[in-house]
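>>> model the structure of this input:
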Amino acid sequence: MLLFCAVPLLWAAITDFRKRIIPDWTWIVIILIGSVSAFLFLYPTLAQRIAGFLLPGICLFILAIKYGGVGGGDIKLTAAMGFCFGLNALAFILFFALFPACIYARATRQRSVPLAVFLCIGFFVYAGALYIV
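Residues are numbered from 1 along each chain as shown. Model (predicted):
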């Protein structure tokens with residue numbers, strides 16, 4: 001199920017980099033894939049999926065309200081990924097996404113970063129780590 005998310009994530013990354021917008025169909029497809037996998041597989045558990053959906057989504061929403069700079073598409077995509085992969089996997093993905101995003105922001109001196117690009121990078125690092133182990 002993991003690789004089914006690659007296409008919508010790649011599309012979100014490309015459109016976010018080019019146009020700074022994340023199409024709604026990308027996070028909706030990821031939510032649907034997560035819903036199907038919740039019935040087919042025992043891991044991650046439903047509690048991990050719900051925590052992966054709520055915690056990062058709420059945190060990013062608060063950051064967006066307080067500081068700006070985090071778009072609604074970034075919030076929805078991160079929450080969808082949290083539901084699909086669970087909180088533990090999302091923490092791994094975010095670890096490998098936010099470090100290059102900070103480097104990119106510093107190098108380009110931008111306050112707004114196309115987060116979907118770096119979420120996609122983190123996802124592929126996560127997928128690679130799963131298939132190597």
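>>> need the contact list for the residue nearest the centre of the chain.
Central residue of the chain (Cα atoms, centre = their mean): Thr78, 3.6 Å from the mean position. Applying Cβ atoms under 8 Å, 6 or more residues apart in numbering, we find Thr78 in contact with 56-57, 60, 90, 94, 115, 119. All C-beta atoms are positioned from the backbone trio N, CA, C, and that covers glycine.
>>> need the pLDDT of it.
With respect to pLDDT, Thr78 scores 95.
>>> roughly how far out does the helix or strand containing it sit from the chain middle?
Following DSSP states H and E, one finds Thr78 within helix 72-85. Put simply, helix 72-85 sits 5 Å off its chain's centre (Cα atoms, centre = their mean, to the nearest Å).
>>> pull out the buried residues from it.
Within helix 72-85, the residues scored as buried using 16 or more other Cβ atoms under 10 Å are 73-85.
>>> distance of the closest residue to Ile93 other than its chain neighbours relative to Val36?
Of all residues not flanking Ile93 in the chain, Gly122 sits nearest, at 3.9 Å (Cβ to Cβ, 6 or more residues apart in numbering). Distance, Gly122 to Val36, using Cβ to Cβ, to the nearest Å: 22 Å.
>>> the two: which is more packed in?
Gly122 (24 against 13; other Cβ atoms under 10 Å).
>>> could I have the CA atoms of the one helix or strand the more buried one maps to written out in CSV?
Per DSSP H and E, Gly122 falls inside helix 115-132. The C-alpha coordinates for helix 115-132 follow below in CSV (Å, rounded to 0.1, in the frame of the first residue of the first chain):
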residue,chain,number,x,y,z
LEU,A,115,6.6,21.6,2.0
ALA,A,116,5.2,18.9,-0.3
VAL,A,117,8.5,18.6,-2.0
PHE,A,118,10.3,17.8,1.2
LEU,A,119,7.4,15.6,2.5
CYS,A,120,7.9,13.6,-0.7
ILE,A,121,11.7,13.3,0.0
GLY,A,122,11.0,12.1,3.5
PHE,A,123,8.5,9.6,2.2
PHE,A,124,11.0,8.1,-0.2
VAL,A,125,13.6,7.9,2.5
TYR,A,126,11.1,6.1,4.7
ALA,A,127,10.1,3.8,1.8
GLY,A,128,13.7,3.0,1.1
ALA,A,129,14.4,2.3,4.8
LEU,A,130,11.5,-0.1,4.9
TYR,A,131,12.6,-2.0,1.8
ILE,A,132,16.3,-2.1,2.8
